[in-house]
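# heads up, no residue letters with this:
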């Protein structure tokens, strides 16, 4: 209790020292527009800022309920602290403030007797030129924002010794939130579903209130109003201001948020001051300053604060922690179905020899990458909690880009086959292996360059989040554009060939592309183009629709069944799979293409199988 009270009072002493130093900088000059009148110009860090020190503490109201279970005497102890604070404020702080010139801009040119005062003195103070921040937003870390919300919803008792991990977490969040505040970006572009949960767009005044609230994470930071304004002006000042001194990153967010909240967020401040002061001067040159303070206390948060906080909790923060219990079984089911069908598709391409051509190997690489991405983001992180969120976001974004690059290679092979009138199975195995290695290098080299660039930004710059996300989005956009160009060329050549056949009057019993086949190929084209990735990223950029992003995330889990239907359940792959399975189940079944061999060869193969089976039974 002594330490808590000492923390509160230490800021008063610092401010008194600052004001004493600044008193020598007060200037008196004659008003050029009104001769005979004088102006007292005050610096920014003047005695007016002392009025923003809270007159009352709220320890008893904020902490008694949490501490009575551990300390039965907590309530009277907190009451005693409040009384001591009020005593020091009225007896010590106010008495010391008498020796400081408490002037205000508002003044009267008439004395109480009704006689005019000559000359009047106008007192003007330097203002902190920061625009109104009541509607400004900034992007902050959701984990630390969740910590602030939890501190307000479930405050801990300040009399108990917090675990070391909790203390370190609070200090880390102070540094992280300070970087977010100083960066000042209103929105961070994201590339993955998890990256959407990493950032929260928060009203700046709400953020300041949540940070410096009495039951938040700034309890151990002395409340020095002069220092807070100095730090805030240093960070948000104009280009003509002096360079900033080295700020303490651990306490800077508490200092700056106090200045923003009290000076620029009137509707969010817990206490407002209505000041009516005047400094009349008579004909003898004597003046007697008179100031009256009318305090409007707001013991409880305003409705506006509660509205912002409720929208924040029901939106991003609850979405970040996935507190949507009703949809979790559905989500787990969709994730399991997605993994199952992706695995089945990859197994079919490994099992069938006809699909081990060059496009098949590229598509197999695409499927394996997709499964690894799901295992990292949905299984390891969501269920096991490893690795940490930022690393998981980096891996998820990188694998999304790699998937798009695999689709680049696949679409290029489709274009090359149509352009050169070559079937995918025309190449020999050795040539397929050689070309696939070359395609592998062409895919991994640009992907590695982008990945190294983003990791370097993450490790070297505090603004890495913005830069790395932009690099990923640009890379994915260029990749999807390339896919659409290749598929557009394939569609153009298809239409040109169809028109040529019609002009040559070439007819066949089978239609040249039925409506069902065109619909099937259109769905396949949209899937291969990567448009779904761009649509998903577009939803991630939207503001305030966390529920819809969650639904889009669940819908993307249907990609596994869709790929299975488009690439396995077709007229080319499904008959081969059925015949291969039937041949393994019943070797006597003759598939298409096998009936050209002679009956002697078939009988010889059958007799060899019978002899082998008899030998095994004898053994």
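Cool, the structure landed. Bear in mind the structure is a predicted one, so any value in this text is a computation, not a measurement.

# any low-confidence regions in the stretch 351-500 of the chain?
461-465 (pLDDT under 70).

# So for the longest helix anywhere in the chain, what gets flagged as buried?
The longest helix of the chain (DSSP state H) is helix 464-503. For helix 464-503, burial by neighbour count (16 or more other CB atoms under 10 Å) applies to 464-466, 468-469, 471-473, 475-476, 479-480, 482-484, 486-487, 490. In this view, the C-beta of every residue, glycine as well, is placed from N, C-alpha and C.

# which other helices and strands contact that helix?
Under the contact definition 3 or more CB pairs under 8 Å, 6 or more residues apart in numbering; DSSP states H and E, helix 464-503 sits against helix 389-419, helix 429-460, helix 515-529, helix 531-541.

# let's go with 10 Å and repeat that
strand 137-141, helix 164-183, helix 193-198, helix 389-419, helix 429-460, helix 515-529, helix 531-541 (3 or more CB pairs under 10 Å, 6 or more residues apart in numbering; DSSP states H and E).

# Now those in CSV, please, with extra columns for distance to residue 223.
Listed next are those as CSV, based on distance: least, CB to CB, whole Å:
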stretch, distance to residue 223
strand 137-141, 22
helix 164-183, 15
helix 193-198, 31
helix 389-419, 32
helix 429-460, 35
helix 515-529, 57
helix 531-541, 38
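
# Show me the domain layout of this structure.
For the chain, automatic domain parsing gives the domain ranges 1-127+269-294, 130-267+302-323, 326-585, 588-619.

# Now the weakest link among these, please, by mean pLDDT.
With a mean of 56, domain 588-619 has the lowest mean pLDDT of the domains of the chain.

# ranges for the strands of the chain?
For the chain, strands defined by DSSP state E occupy the ranges 27-30, 38-42, 121-125, 137-141, 199-203, 271-278, 290-297.

# Distance from the chain centre to the shortest one, please.
Averaging C-alpha coordinates over strand 27-30 and over its chain gives two centres that are 51 Å apart (CA atoms, centre = their mean, to the nearest Å).

# Need the residues that contact that strand.
Contacts to strand 27-30, defined as CB atoms under 10 Å, 6 or more residues apart in numbering, come from residues 36-43, 119, 121, 123-124.

# Each with direction, which strands does that strand pair with?
strand 38-42 (antiparallel) (DSSP bridges).

# Could I get the buried residue list for the strand it pairs with?
Buried residues in strand 38-42 (16+ other CB under 10 Å): 39-40, 42.

# I'd assumed residue 418 was in contact with residue 359.
No - at 12.0 Å, residue 359 and residue 418 do not qualify as touching, with contact defined as CB atoms under 10 Å.

# more crowded one of those two?
More crowded of residue 359 and residue 418, by other CB atoms under 10 Å: residue 359, with 21 against 17.

# and the contacts of strand 27-30, which two are the farthest apart?
The distance between the two most remote of the contacts of strand 27-30 (CB to CB) is 25.1 Å, for 36 and 43.

# Looking only at neighbour counts, state which of these two leads.
Taking other CB under 10 Å, residue 36 and residue 43 do not tie; residue 43 has more neighbours (14 against 9).

# Quickly note the distance from that one to residue 262.
18 Å (CB to CB, to the nearest Å).

# likewise residue 565?
Following CB to CB, the distance that separates residue 565 from residue 262 is 61 Å.

# do residue 32 as well
33 Å.

# Then residue 455?
41 Å.

# before we move on, what about residue 451?
45 Å.

# out of these two, which sits in the busier spot?
Neighbour tally, residue 451 and residue 262, criterion other CB under 10 Å: the higher count belongs to residue 262, 25 against 22.

# How about that one, nearest residue that isn't a chain neighbour?
Closest residue in space to residue 262, ignoring its immediate chain neighbours: residue 52 at 4.9 Å, by CB to CB, 6 or more residues apart in numbering.

# so how many other residues sit close to the one you found?
Neighbour tally, residue 52, other CB under 10 Å: 20.

# now swap in residue 152 and tell me
15.

# who's in contact with it?
When contacts are counted by CB under 10 Å, 6+ apart, residue 152 touches 209-210, 213, 215-216, 301, 309, 313.

# Output those residues as JSON lines; include the columns distance to residue 200.
Output for those, formatted as JSON lines (distance: CB to CB, whole Å):
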{"residue": "209", "distance to residue 200": "15"}
{"residue": "210", "distance to residue 200": "11"}
{"residue": "213", "distance to residue 200": "17"}
{"residue": "215", "distance to residue 200": "20"}
{"residue": "216", "distance to residue 200": "16"}
{"residue": "301", "distance to residue 200": "19"}
{"residue": "309", "distance to residue 200": "12"}
{"residue": "313", "distance to residue 200": "11"}
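
# farthest-separated two in those?
It's 215 and 313 that sit farthest apart of these, by CB to CB, at 16.0 Å.

# now do the same end-to-end measure for stretch 147-158.
In stretch 147-158, first residue to last residue: 16 Å (CA to CA, to the nearest Å).

# for stretch 350-363, same thing?
For stretch 350-363, the first-to-last residue distance is 11 Å (CA to CA).
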